[in-house]
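S.K.: Return atomic coordinates for the entry below.
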Amino acid sequence: MEILEVADAADPRLDDYRGLTDTALRRVSEPAGGLYIAESAKVIQRAVTAGHRPRSVMVQRRWVDGIRSMMADLDVPVYVVPDAVAEAVAGFAVHRGALAAMHRPELPSVASVVAGAQLVLILADIGDHANIGAAFRAAAGLGADAVLVSPGCADPLYRRSVRVSMGTVFQVPWTRMKDWESAVEVLHDAKIATAALALDDRAVSLGDFARSRPERVALMLGSEGEGLSPAAMALADHIVTIPMSGGVDSLNVASAAAVALWALGGT
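M.R.: This next block holds a predicted model:
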């Protein structure tokens, strides 16, 4: 670890942290350069514990001691900056004190992620990073063994996803599917049934499905508004719905994931 004072927001060593606003990045599924940004000492610690390697750290002065102990055994530059520089570079007020540019690990295969899994969560074309993070937190807390994300899904390693997940994106095994057909083929080869959570005339209630659920099941959830695509629905072995009342037809996707995971006995 090398601690370096940086007082100029234009310093090129800080380029990894430049322009991190949601407006700039929220439509990017996996940013170029093989990096992602971990925000806050707690999240950075969880990423490092999970085996992810930092390329550098940008930290405000009052947070240096915590980062020093965390990075003591790592060959990584730690850029210590004034608060105003951190905000000018990142484009937002860095209240959590530290940002780390992390090397993005190579994603495992679908087969390796679901091997041995009893309960899998599949997130399809969800563009909101907060929903991705909340769904991962539900997966971790309610016993899902793995998470798969569709090719069009937002990045689980985007800083907001990681923050909302409370770092559980580093805890639950996950990967990105290349396409629906090959992923479902892998699931079926592993004797994992697929269940689409959707509003559909053919759907059975979640309670009924849970009482006779397959031993191994992958729960498919689509984006709010659009829901699961016709192609995804066509690949589902079961269609399940959460009964609603009060004139409400559905839940937020992360809330729906939590309810369904709990009902399917993942805990």
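S.K.: dump the residue contacts of Arg53.
M.R.: Counting by C-beta atoms under 8 Å, 6 or more residues apart in numbering, Arg53 makes contact with Leu74, Met102, His103. Where you see a C-beta, it was placed from the backbone N, CA and C, and this is true even at glycine.
S.K.: Tell me the spacing between it and Tyr79.
M.R.: With distances taken as C-beta to C-beta, to the nearest Å, Arg53 is found 17 Å from Tyr79.
S.K.: now Val89
M.R.: From Val89 across to Tyr79, the span is 10 Å (C-beta to C-beta).
S.K.: and if you look at Asp15?
M.R.: In terms of C-beta to C-beta, Asp15 sits 11 Å off from Tyr79.
S.K.: between the two, who's got more neighbours?
M.R.: Set Asp15 next to Tyr79 and count neighbours by other C-beta atoms under 10 Å: Tyr79 wins out with 22 against 13.
S.K.: That one: which element?
M.R.: Per DSSP states H and E: Tyr79 is located in strand 77-81.
S.K.: Tell me the helix or strand right after that strand.
M.R.: helix 83-90.
S.K.: Which residues belonging to that next one are considered buried?
M.R.: Val85, Ala86, Glu87, Val89, Ala90 (16 or more other C-beta atoms under 10 Å).
S.K.: if you skip the residues just before and after it, what's nearest to the third one?
M.R.: Of all residues beyond its chain neighbours, the one nearest Glu87 is Ala93 (5.2 Å), with distances taken as C-beta to C-beta, 6 or more residues apart in numbering.
S.K.: Kindly report the same for the last one.
M.R.: Using C-beta to C-beta, 6+ apart and skipping residues adjacent in sequence, the residue nearest Ala90 is Leu20, 4.8 Å away.
S.K.: Surely that neighbour and Ala88 touch.
M.R.: No. Between Leu20 and Ala88 there is no contact under C-beta atoms under 8 Å: 11.7 Å.
S.K.: Cheers, nothing more for now.
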